[in-house]
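Asker: following is a predicted model, sequence given first.
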Amino acid sequence: MNWHNKLYFGNNLPIMREHVADASVDLVYLDPPFNSNANYNVLFQEKSGEQSAAQITAFEDTWQWGEESEATYYETILKGGKLADLLQALLAFLGRNDMMAYLVMMAPRLQELHRVLKSTGSIYLHCDPTASHYLKLVMDGIFGADNYLNEITWKRTTAHSDAKQGRKALGNVTDILLLYTKTAEFKFNPQYQPYTLEYINAKYPYVDSDGRKYGLWDITGPGGAAKGNPMYEVMGVERYWRYSRTKMDELISQGRIVQPSPGAVPRYKRYLDEMPGVPIQNLWDDISAINSQAQERLGYPTQKPEALLERIIKISSDEGDVVLDPFCGCGTSISVSERLHRRWIGIDITHLAITLIRHRLHDAHGTELSPYEVIGDPKDLASAQALAIQDRYQFQWWALGLVDARPAQNLRKKGADSGIDGYVNFVDDASGQAKRVVIQVKSGHVKAGDIRDLKGVIDREKAAIGCFITLEEPTAPMNTEAVSAGFYESAFRFEGTQKIERFPKIQILTIDQLLRGKHLQYPQHRVETFKQAERKPKSKGEQVELF
Ligand SMILES: C[S@@+](CC[C@H](N)C(=O)[O-])C[C@H]1O[C@@H](n2cnc3c(N)ncnc32)[C@H](O)[C@@H]1O
């Protein structure tokens, strides 16, 4: 099959419209930014707690009623139909506020998702209780109330203990996942949870000579003759039974019917290891959120646990199926789809997410990673220039990705700027201490003073190397200034002898050079820039671990 998995950078609405065919997707999982301040998808929070300019640029349209909401609203209602009726009713009720802007942003995207879903497909809409009831109406309007399957409550965190600080509300510890299907012909693979020890001890208290745990279960026919149960004698006991005589004889010959004591009512012998576990219900309280210590944590604030996605993907898709995540963040659904042998399409509007996903996929799947393409990334100088004009923060994140750098945690307000846009960490000695390449990205006019500033930053931050990425060509004085900074020397042992490697202390790299394959130079014995995604071997089958 000539299929490549796909990672799109950009706004999911036009991307779905242009690139995703009708009825081509088996499973959609979407985790849009929530419309609640508490869960606001803050990529970079300023120290003061205000949202950073970058965040606002990325999500402004999503959150506030403005020209775009007005235009999308009219575009949707002029098409008529149930969704139009619903949006008009919601506008009358909510008015032109942030919640309405959010719903108007979501409505056409959900319509596209309906279009691209196969008739056997399912969609999981992950939301929080602030918006879930409105979104359910919108989903009813698009997918039809008949195709509503479940409202799943995921207990994502343990109790909040802020009651003492005067909180006058119950703690919100759950998210909601709305599960809809396209038609009644949807795929559904029941999944099971392990039995609790308490249940096992109560129901499977016996152990066979070969060590297998078993329980004894009632085989009398409830409702007696009225329910059509046959009466006959088994091991000297006459009762109404739930099996026909023939079936009963077969079970007896298999050693499955036992009499616990002489004269007692025979019972069915059921082995624990033959049982699949407890079928999953719509309350998911057995999957914890990614905490600060979690192995899989990549530092993306809204990252969801892999176990959550694993469950969803296993319930509603098979190997080889296509999973689409139009708000894919740091790529949890994508990485799990890859591990479970699904095909995948991911879309995200920030380069930060796309850069993280690329690393995650390579770290987690290594040589087992299926081929994938990144679409929408600038591939030449002209498109890089266009991105810089359109949004300089996106340009910065994208450019940092070219040297595998991590964006500085809070893309600070320029002015109070500490002069670092990103960094690469490395370790080149036995001290266990990471050293740092600090990186500045400039999309505008550059001059020798910028390199002098970078030197100052390197000294202040005690960094090993400084890298200056520029869209414009550097001037001759800039190059002179960079060369005058000298070298960073890295000592290492090779075949018993001490070697010294030298790296320019200040490296100026143009976007053009980077696009042509030039690299940042630093000791790469062990790169520690990104918190590496845990290596995830691909699954061998769909069997769940029960014990
Ligand atoms: C809540 S996060 C998703 C987190 C993800 N489930 C994970 O495990 O990492 C929402 C994501 O939607 C992206 N986003 C917001 N608006 C978008 C749009 N219009 N098109 C594509 N992506 C968008 C944001 O950049 C953000 O990464």
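Answerer: Everything's here; your move. Numbering: from 1, shown residues only.

Asker: which parts of the protein sit against the ligand?
Answerer: Neighbours of the ligand within the chain, by C-beta under 6 Å from any ligand atom: 11-12, 31-33, 41, 62, 300, 302-304, 327, 329-330, 332, 347-350, 353. Bear in mind the C-beta positions are built from the backbone N, C-alpha and C, glycine included.

Asker: quick one, phi psi at the residue lying closest to residue 454 once chain neighbours are set aside?
Answerer: Leaving aside its sequence neighbours, residue 454 sits nearest to residue 466 (C-beta to C-beta, 6 or more residues apart in numbering; 4.7 Å). Backbone torsions of residue 466, given as degrees, to the nearest 10, read phi -120, psi 140.

Asker: number of nearby residues for residue 466?
Answerer: Neighbourhood size, residue 466 [other C-beta atoms under 10 Å]: 29.

Asker: tell me the centre residue of the chain?
Answerer: Geometric centre of the chain, nearest residue: residue 332, 2.8 Å, by C-alpha atoms, centre = their mean.

Asker: which residues touch it?
Answerer: Applying C-beta atoms under 8 Å, 6 or more residues apart in numbering to residue 332 gives the contacts 303, 304, 305, 306, 308, 309.

Asker: make sure the fifth one is actually in contact with residue 154.
Answerer: Yes - at 6.6 Å, residue 308 counts as touching residue 154 under the criterion of C-beta atoms under 8 Å.

Asker: right, and residue 270 touches residue 218 too?
Answerer: No - when contacts are counted by C-beta under 8 Å, residue 270 is not listed as touching residue 218 (10.9 Å).

Asker: who's more crowded, these two?
Answerer: Using other C-beta under 10 Å, the more surrounded residue of residue 270 and residue 218 is residue 270, with 15 against 11.

Asker: pretty sure that one sits in a strand.
Answerer: Yes - judged by DSSP: H, G, I helix; E, B strand; the rest coil, residue 270 forms part of a strand.

Asker: how about it, what does it touch?
Answerer: If you count contacts by C-beta under 8 Å, 6+ apart, then residue 270 has 204, 214, 215, 216, 217 around it.

Asker: what does residue 231 give?
Answerer: Counting by C-beta under 8 Å, 6+ apart, the residues that residue 231 touches are 224, 225, 238, 239, 240, 241.

Asker: so which of those belong to strands?
Answerer: 238, 239, 240 (DSSP state E).

Asker: what's the neighbour count on the nearest residue to residue 200 once chain neighbours are set aside?
Answerer: Spatial nearest neighbour of residue 200, excluding adjacent residues (C-beta to C-beta, 6+ apart): residue 272 at 6.5 Å. When neighbours are defined as other C-beta under 10 Å, residue 272 has 19 of them.

Asker: who's in contact with the residue nearest to residue 334 when sequence neighbours are not counted?
Answerer: Nearest non-adjacent residue to residue 334, counting by C-beta to C-beta, 6+ apart: residue 346, 4.5 Å away. By C-beta under 8 Å, 6+ apart, the contact list for residue 346 reads 6, 7, 8, 324, 325, 328, 331, 333, 334, 357.
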